[in-house]
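Chemist: need a 3D model of the following:
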Amino acid sequence: MARIDFKKANEKVTTLKEMDGLLIHIFADKENQEEAIRRALGALRDRHAAEKLREVSVEELRKSKAGIRVAALQEAGYHDLRALALAKDWELRTVDGIGEGQVAAIRGILKEFLARLTEHQTVRLFAEEGDAGLAQEENDALLRAIAAYRMGETVRADGAALREGFHGFVMDVTERAVALRPARWFFSLPRTKEATVQALSEIDDFFRDPVCDRVQHLIDRYDAAMRVDAAAAREDFRRSGADYYALIETLDGAREERPLVYDSIPQELAAAVDALPLDLSLFRGNLRAYQAFGAKYILHQGRALLGDEMGLGKTVQAIAAMAAVAAAAPGAHFLVVCPASVLVNWCREIRKFSGLTDHLLHGSGMFDAMARWQAEGGVAVTNYESMGKIAGSINDRMRLAMLVIDEAHYIKNPDAKRTKYIHLLEDESDRILLMTGTPLENRVEEMCALIDFLRPELAQQARELAYMSRVPEFREMLAPVYLRRLREQVLEELPPIEEIREWCAMTTADREAYGAEVRARNFTAVRRVSFLQKTLTASSKGLRLLELVENAAEENRKVVVYSFFLETVGKVATLLGERCAGVITGSTEPALRQREIDRFTEAPGGSVLVCQIQAGGTGLNIQTASIVIFCEPQVKPSLTNQAISRVYRMGQVRNVLVFHLLCEGTVDEAMVRRLADKQAEFDLYADESAMAAARAELIDRDWVRDFLEEENKKYLPMVVEQNT
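Modeler: Predicted structure coming up:
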């Protein structure tokens, strides 16, 4: 039997147990992290409430029955309740007529005011150092607590599958490796010695196994998460502000439940909707309260038109509703019909936010995908143009748990073929959801055309009372079928910022032009995917850009479009036509730049400023815009951040939506992954100074060479096919 180095053996067992304990702690620590967020949240509210006392005059003390000498306090320089809160007891007792009893009464009143102010205090977080004012320390503490929790949740998700198996292994080998002291070894039976030797051999194998590295990597990542600093937390908040507020709302159970009654929903209906259970076992992520209400509304009403303002997460609400139905009916079939430009985006969102299977019914693989969908269930996603090919396979042949129509204003014309194909599925659908961010109140006939699909009797009433379309009673009449919320109604912490990846499905022209540049090994041209054609009439990114600009015009918003490439800037400006209110490039003189900004500032909603990012990303104040569109990922993330900061800055009164136009399966996707990898390396290993170097350049020559080699292999079959 092999000799045992008892010292080394015990060190390995100790290390193994420590790793097990640390991994267990990562999961057990979740509740502690949540409590840390609640404490930080309370501290921030207390700070805000304390500052609010400045706005309350000492005259309020006259309303108490304590007989406090308010005039004497004012003569002594105490004019607001904050000044009284900061004063020491002995200082107050020096005021004429203020004794210990009145000091106690003042403290009691201040305590009551603080409690009430804290209870109703809306939390607003700030991403820039200094913007939080006197509450900067509490603001940053809450940001750090949430950033640590988010990073911790990622570690827990990645380590969930490893956790139980590793713990079982540690318990097993440590229970068998009992003879690890010379005296114990000497007096042990042969089978005990054999078990110890075997266990030590398995421990040695583990330390050489990649699983050991995975466990240690999880531990290191969690340790890095717990040490996240304010700067990194602010940056994470800038990227994912909506997730921060959703998490606050989820964990903030101590506050009073706010009634989810909006000006368009009668209280009785709102109460019935809110009381509906919502099974989110198949949903991933955090829903804001208004989003949960929206999902319940969809389910409660059965046939609904969701008209939430752009950027409030209509897609997420639809997915949550489908997930709730699927939880009760495994294998249920759902169909989403949307514009071609957002097909890929819908599929990605379904995978991101739910456990449902997505099936893309588009292109050459449409019928194979449809067969899988019919057999397996899940969510089929198709575009309006494909409905003529698939409607017959559904009509009278299968049951849909929910039919979702995105950008529903596409079917406002009842005589259009796309509308007729969708109407074929009306009787096959247990639930129907129409979605549009376009405000419909000033387009009554268009609204009625959509509502007619859902509730014909309500559509008829709406037509008869069209003259009332601007009054609350009209909205209340439509409440059983139409739900629309504005940001100021549901997001009290405005203005937040949200970044959205718009994955565009390449057109044939996109693919051919991109493949040609891949074969030419022209990386600069490859980066201009979907903007390589002479005109953008067949550009997937160009078409989606036009849709986003049109939506912005409907909401009276202005847009800034950025591209690194001068040629793309010119093509976009041409595509936009009269919508383009100005162009700024690297060759634009400073004085002319300001004139362009002034012209854009005075332009109406729906106007667009097109900028070359090197020129328009710094030195400009464009807070008159509230939507930013990037035509491609940038090599330097700092360029993106600087460009966003031109819009998202002090003076911005609307929440900012940032759209990144991306094509799946191209350089865009590779660069997005590359950026994520760089960020992960920094999160784990880098200090602040190293971060700047790591993130200065997203790509390097070796990466470009390897990428083009792999991309060329992918597009080679297309060339062979064309030549045969």
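
Chemist: Glu100 - how many residues pack around it?
Modeler: When neighbours are counted by other CB atoms under 10 Å, Glu100 registers 10. C-betas here are computed from N, CA, C, even on glycine.

Chemist: just say helix, strand or coil for Asp308.
Modeler: coil (DSSP: H, G, I helix; E, B strand; the rest coil).

Chemist: my read: it touches Gln489, true?
Modeler: No. Applying CB atoms under 8 Å as the test, Asp308 and Gln489 come out as separate, 9.8 Å apart.

Chemist: more neighbours, those two?
Modeler: Asp308 (22 against 15).

Chemist: ok, that one to Gly570 distance?
Modeler: Here Asp308 is placed at a distance of 35 Å from Gly570 (CB to CB, to the nearest Å).

Chemist: just Ser386 next, same as before
Modeler: 33 Å.

Chemist: again with Val273
Modeler: 50 Å.

Chemist: those two: which has the busier surroundings?
Modeler: Higher neighbour count among Val273 and Gly570: Val273, with 22 against 16, using other CB under 10 Å.

Chemist: ok now the host helix or strand of that one, how far from the chain's centre?
Modeler: Per DSSP states H and E, Val273 falls inside helix 267-274. In terms of CA atoms, centre = their mean, to the nearest Å, the gap separating the centre of helix 267-274 from the centre of its chain is 27 Å.

Chemist: for it, buried residues please.
Modeler: Using 16 or more other CB atoms under 10 Å as the test for burial, helix 267-274 gives Leu269, Ala270, Val273, Asp274.

Chemist: could you dump those to CSV with pLDDT?
Modeler: CSV is the format used below for these (pLDDT from 0 to 100):
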residue, pLDDT
Leu269, 89
Ala270, 87
Val273, 92
Asp274, 89
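
Chemist: gap between the nearest residue to Lys52 once chain neighbours are set aside and Ala232?
Modeler: Residue nearest to Lys52 in three dimensions, not counting chain neighbours: Leu117, with 4.9 Å by CB to CB, 6 or more residues apart in numbering. To Ala232, Leu117 is 31 Å away according to CB to CB.

Chemist: between those two, which one's more packed in?
Modeler: Neighbour totals were compared for Leu117 and Ala232, and Ala232 leads with 23 against 20 (other CB under 10 Å).

Chemist: can you tell me the helix or strand for that one?
Modeler: According to DSSP H and E, Ala232 maps onto helix 230-251.

Chemist: also Cys611?
Modeler: Using DSSP H and E, Cys611 falls in strand 608-612.

Chemist: counting contacts, what elements does that strand pack onto?
Modeler: Applying 3 or more CB pairs under 8 Å, 6 or more residues apart in numbering; DSSP states H and E, we find strand 608-612 packed against strand 559-563, helix 566-576, strand 580-584, helix 590-602.

Chemist: quick one: buried residues of the longest one?
Modeler: By that I understand helix 590-602. Buried-residue list, helix 590-602, by 16+ other CB under 10 Å: Arg593, Glu596, Ile597, Phe600, Thr601.

Chemist: do a quick rundown of the helices in the stretch 151-300 of the chain.
Modeler: Ranges of helices in the stretch 151-300 of the chain, per DSSP state H, counting those that start in this stretch, are 182-187, 190-208, 210-226, 230-251, 267-274, 289-301.

Chemist: tell me the most buried of the ones you listed?
Modeler: helix 289-301 (a mean of 23; mean count of other CB atoms under 10 Å).

Chemist: surely Arg521 and Glu711 touch.
Modeler: No. Arg521 is beyond contact range of Glu711, at 9.4 Å (criterion: CB under 8 Å).

Chemist: neighbour-wise, which of these two wins?
Modeler: Using other CB under 10 Å, the more surrounded residue of Arg521 and Glu711 is Glu711, with 22 against 14.

Chemist: gap between that one and Gly21?
Modeler: 46 Å.

Chemist: over to Tyr482?
Modeler: 55 Å.

Chemist: ok, the two, which is more surrounded?
Modeler: For Tyr482 versus Gly21, neighbours defined as other CB under 10 Å are more numerous around Tyr482 (25 against 12).

Chemist: report the beta-bridge partners for that one.
Modeler: Leu305 (DSSP bridges).

Chemist: can you read off the pLDDT for it?
Modeler: Looking at Tyr482, its pLDDT is 90.

Chemist: do Val720 as well
Modeler: 42.

Chemist: check Arg255 too.
Modeler: 48.

Chemist: swap in Asp220?
Modeler: 96.

Chemist: same deal with His660?
Modeler: Value for His660, per-residue pLDDT: 97.

Chemist: Asp700 versus that one, what's the distance?
Modeler: 22 Å.

Chemist: okay, these two: which has more neighbours?
Modeler: The neighbour comparison of His660 against Asp700 (other CB under 10 Å) goes to His660, with 19 against 9.

Chemist: isn't that one up against Glu499?
Modeler: Yes. Using CB under 8 Å, His660 is in contact with Glu499, at 6.8 Å.

Chemist: that older thread, now the strand holding Cys611: average pLDDT?
Modeler: Mean predicted lDDT for strand 608-612 stands at 95.

Chemist: where do the strands sit along the stretch 601-724 of the chain?
Modeler: Ranges of strands in the stretch 601-724 of the chain, per DSSP state E, counting those that start in this stretch, are 608-612, 627-630, 656-663.
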